[in-house]
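[1] need a structure here:
(chains A and B)
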Amino acid sequence: MGLAVGISEASLRYDDEWIFNNIRLHLEASQWTCLLGRSGAGKSSLLRMIANLLSGTEAHTTAHIEIHTSDGLPLAGRIAWMAQRDLLLPWLRVLDNVLLGSRLRGNGRASMDLRRKATDLLARVGMAGYELRYPASLSGGQRQRVALARTLLEDQPLVLMDEPFSSLDAITRYKLQSLAAELLRDKTILLITHDPAEAVRMGHQILVFGRRQLGEPLRPPGEPLRALDDPVLLPLQARLLGELLEAVQ
Amino acid sequence: MTAPAQNSGARLLKPLVITFGLLGVWQLAVLVSGAPAYILPGPVRVFQALVGHGLLLLDHALVTLTEMLIGLLAGSVLGLLSALSLSWFRHLRGWLLPVLVISQAIPVFALAPVLMLWFGFGMASKIVMTTLIIYFPVTAACYDGLRHTDQGWLDLAAILGADRRRQLLRIRLPAALPALGSGLRVATSVAPIGAVVGEWVGSSRGLGYLMLHANARMQVDLMFAALLVLALLAVALYFLVDGGLRAAMPWQRVTLQ
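    Numbering: from 1, shown residues only, chains lettered A, B, ... in the order given. Sure thing, here's the model as predicted:
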């Protein structure tokens, strides 16, 4: 059984300006929740608050958030993270980048077992044979595949994704979306995106991030991954785009 | 972009041509102007002095090289440790940074007589001098590098459960290596200044001493030979450090083909 996460009373204020106020959001267990919004709407800040990265010590910033989990345990240490940039460390080879979590928590080398698991995961994301390469020698799509393997190795119940596919070209993006959906099947996902098509393809539920508020959750028919040319979904994509436009006016 | 593959012979050709070309111009200038050898000796005379005083030059060169190497090592280690401390002890920063900046306002050369007084006529005062001259560029570059770590990496490290120590040693420090490398390259190129100025102020050994000594006795060709050896040492040291830095950062050589 996956982990469900309830978020309430999420507020963020910069000086006297509310970025968002009293947002509530329910992440269903083992489902993809897509937050759709324009750049600069505060989506990433909300994600950082859930991950406890906005410590509240930043100047001018007042942040508040309540988080409830379905098992009652704190969220700390149970989150995996995929950002828009792959965040691979240039001085580590691909395999060591995948093993980054264990490098940062432990002292010595990762166990043989873990290394084998990392190698397997690299093969599953289509990066077999690249273990000893440096990130600088990889393309953007390959790098994000390695970042996906790093996320998978952490094997956390909640995965926070901040537009991880947005900087990729259309074909690479499509492939990586499919791969992520398949490999993260049992996880609870919060995916931030500015692309209505991506939200419709990936999300069990979709929420539009409007002016300081979240819209009502929208549940497209059928299960992800959805086919983008499904005639039922085309009006939905148009509607989401309309809501996005409305939110900025 | 990668340069087209060249064999080492072709790569050596251009520096050799320019070196011998300049030497030719020098010799020509001496011949045409008819300058006396005690003002401007030609390269041939300097080369003769180099060979004739080979052992003497080697003896003094070893002293200067030792001063430079120890000073470089001490200055780099102290600089690195200072930068790490500044990064780790947040409360110390406000106290230490002004001290660092003020200490740089005093020219190190002006300190040379004081260092001579405190550390004596021998190698120690030159090593301290070299250490001081290297310390600041290394500290500044390294501290700057430690401060400007990509926030995304730090976020990721925090989510992956890295404590503050590991964030410093496994994220911030390796991320600062290129900046530290630039600081070290600058430091290496100023290391000979520290050693030679130290020797000028007061010493009985070293290339700086030999130059003054030769000058006083009108052995201008020997002075030029010492200068040449010093330049060779400086270049060799630079390439040594540069090579070491490249070996320490193999990922920097990789680029997308």
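
[2] A:Ala80 looks like it's in a strand, true?
    Yes - with DSSP: H, G, I helix; E, B strand; the rest coil as the criterion, A:Ala80 is part of a strand.

[3] Let me know the pLDDT of it.
    Here the pLDDT value assigned to A:Ala80 is 95.

[4] what sits opposite it in the beta ladder?
    Beta-bridge pairing of A:Ala80 under DSSP bridges involves A:Val159.

[5] Quick check, it in contact with A:Pro164.
    No - contact criterion C-beta atoms under 8 Å: A:Ala80 and A:Pro164 do not qualify, at 11.2 Å. Where C-beta positions appear, they are placed from N, C-alpha and C, glycine not excepted.

[6] ok, those two, which is more surrounded?
    Comparing A:Ala80 with A:Pro164 by other C-beta atoms under 10 Å in any protein chain shown, the one with more neighbours is A:Pro164, at 26 against 23.

[7] Help me confirm that the more buried one is found in a strand?
    No - secondary structure of A:Pro164 (three-state DSSP): coil, not part of a strand.

[8] What count of nearby residues applies to the closest residue to it other than its chain neighbours?
    Spatial nearest neighbour of A:Pro164, chain neighbours left out: A:Met82 (4.2 Å); criterion: C-beta to C-beta, 6 or more residues apart in numbering or on different chains. The local packing of A:Met82 (other C-beta under 10 Å) involves 24 other residues.

[9] How about the contacts made by the most centrally placed residue in chain A?
    Centroid-nearest residue in chain A: A:Met161, 1.0 Å away (criterion: C-alpha atoms, centre = their mean). Counting by C-beta atoms under 8 Å, 6 or more residues apart in numbering or on different chains, A:Met161 makes contact with A:81-82, A:189-192.

[10] which secondary structure element contains it?
    Using DSSP states H and E, A:Met161 sits in strand A:158-162.

[11] Alpha carbons only: can I get that strand in PDB?
    Output of strand A:158-162 as PDB, limited to C-alpha atoms (Å, rounded to 0.1, in the frame of the first residue of the first chain):
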ATOM      1  CA  LEU A 158       6.800   9.900  -2.200                       C
ATOM      2  CA  VAL A 159       8.500  11.400  -5.300                       C
ATOM      3  CA  LEU A 160       8.400  15.100  -5.900                       C
ATOM      4  CA  MET A 161       9.000  16.100  -9.500                       C
ATOM      5  CA  ASP A 162       9.700  19.700 -10.500                       C
END
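
[12] Check whether the worst-scoring helix or strand of chain B on mean pLDDT comes near chain A.
    Sorting the helices and strands of chain B by mean pLDDT, DSSP states H and E puts helix B:90-105 at the bottom, at a mean of 85. No - remark: helix B:90-105 sits outside contact range of chain A, by C-beta under 8 Å from any C-beta of the partner chain, the gap being at least 11.5 Å.

[13] so what secondary structure elements neighbour the following helix or strand past that helix?
    Going down the chain from helix B:90-105, the next helix or strand is helix B:108-119, by DSSP H and E. When contacts are defined as 3 or more C-beta pairs under 8 Å, 6 or more residues apart in numbering or on different chains; DSSP states H and E, helix B:108-119 sits against helix B:123-147, helix B:173-201.

[14] Which residues of chain A lie near chain B?
    For chain A, the residues in contact with chain B (C-beta under 8 Å from any C-beta) are A:48, A:51, A:53, A:77, A:79-81, A:83, A:85, A:87, A:89-92, A:100-101, A:103-105, A:133-139, A:154.

[15] In ChimeraX, how would I select just the buried ones from these?
    Selection of buried members from the residues of chain A next to chain B for ChimeraX, criterion 16 or more other C-beta atoms under 10 Å in any protein chain shown:
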select /A:48,51,53,79,80,81,83,85,87,89,91,92,100,101,103,104,133,134,135,138,154
